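> my questions concern the predicted model and sequence given below.
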Amino acid sequence: MSAHREPHETPIVHEQPDAWHRHTVDEGRPQHEHGARAKPAILAVVCISMVVSVVAMVLGVAVYFEWYVTRLKAQRTETITAATKARSEKEAARSALAGPSVWVDRETGTVTIPIERAKRLVVEEYRRSGASGS
């Protein structure tokens, strides 16, 4: 063992303060640090106002979302209702065209015939007249 003991810590070295750290008497009393004294009333008002504004924003978004979804559902329902009505009218017209021959006006000789028979008659008429489809 050696009799000489080395220090276990690095010695603290203080530098000399520069001109910025030296204050003169004509500067007046030093100021207290800013925010050193908390004012609970002001903190409570700020906290409550933040909570109220967040709740108001959430409620505003919820009301807007509800309004938007209701309007969107109404548009889709109206579209579906109109499409269902149009589809039923189309089916009624198609079944009327596929039905038996019926006199519309006997004086003018107007008759409704099934659509498939009408197509065959038109094709046969074009074939007999020699007209081409182009």
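Looks like it came in fine.

> ok, Asp26 - contacts?
By C-beta atoms under 8 Å, 6 or more residues apart in numbering, the contact list for Asp26 is empty. Placement of C-beta: from N, CA and C, glycine included.

> which residues of this structure fall in strands?
102-105, 110-112 (DSSP state E).

> okay if I get the ones you listed as TSV plus mean pLDDT?
Output for the strands of the chain, formatted as TSV (pLDDT from 0 to 100):
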stretch	mean pLDDT
strand 102-105	82
strand 110-112	83
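
> and these: which comes nearest Arg76?
Among these, the nearest to Arg76 by C-beta to C-beta is strand 110-112 (36.9 Å).

> for that closest one, which helices and strands make contact with it?
Packing partners of strand 110-112 (3 or more C-beta pairs under 8 Å, 6 or more residues apart in numbering; DSSP states H and E): strand 102-105.

> just name the most buried of the strands of the chain.
Sort those by mean neighbour count, taking mean count of other C-beta atoms under 10 Å, and strand 110-112 sits at the top with a mean of 12.

> that one pairs with which strands?
Next to strand 110-112 in the sheet, as set by DSSP bridges, lie strand 102-105 (antiparallel).

> domains in the chain, as residue ranges please.
As given by automatic domain parsing, the domain ranges for the chain are 39-97, 99-129.

> mean pLDDT lowest for which of those?
In terms of mean pLDDT, the lowest-scoring of those is domain 99-129 (a mean of 85).

> that one: how far from the chain's middle?
Relative to its chain's centre, domain 99-129 lies at 54 Å (C-alpha atoms, centre = their mean, to the nearest Å).

> redo the domains of the chain as TSV? Include distance to His32.
TSV is the format used below for the domains of the chain (distance: least, C-beta to C-beta, whole Å):
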stretch	distance to His32
domain 39-97	14
domain 99-129	97
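
> hmm, back to that, so can I have CSV of the strands of the chain showing distance to Ala118?
Output for the strands of the chain, formatted as CSV (distance: least, C-beta to C-beta, whole Å):
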stretch, distance to Ala118
strand 102-105, 13
strand 110-112, 9
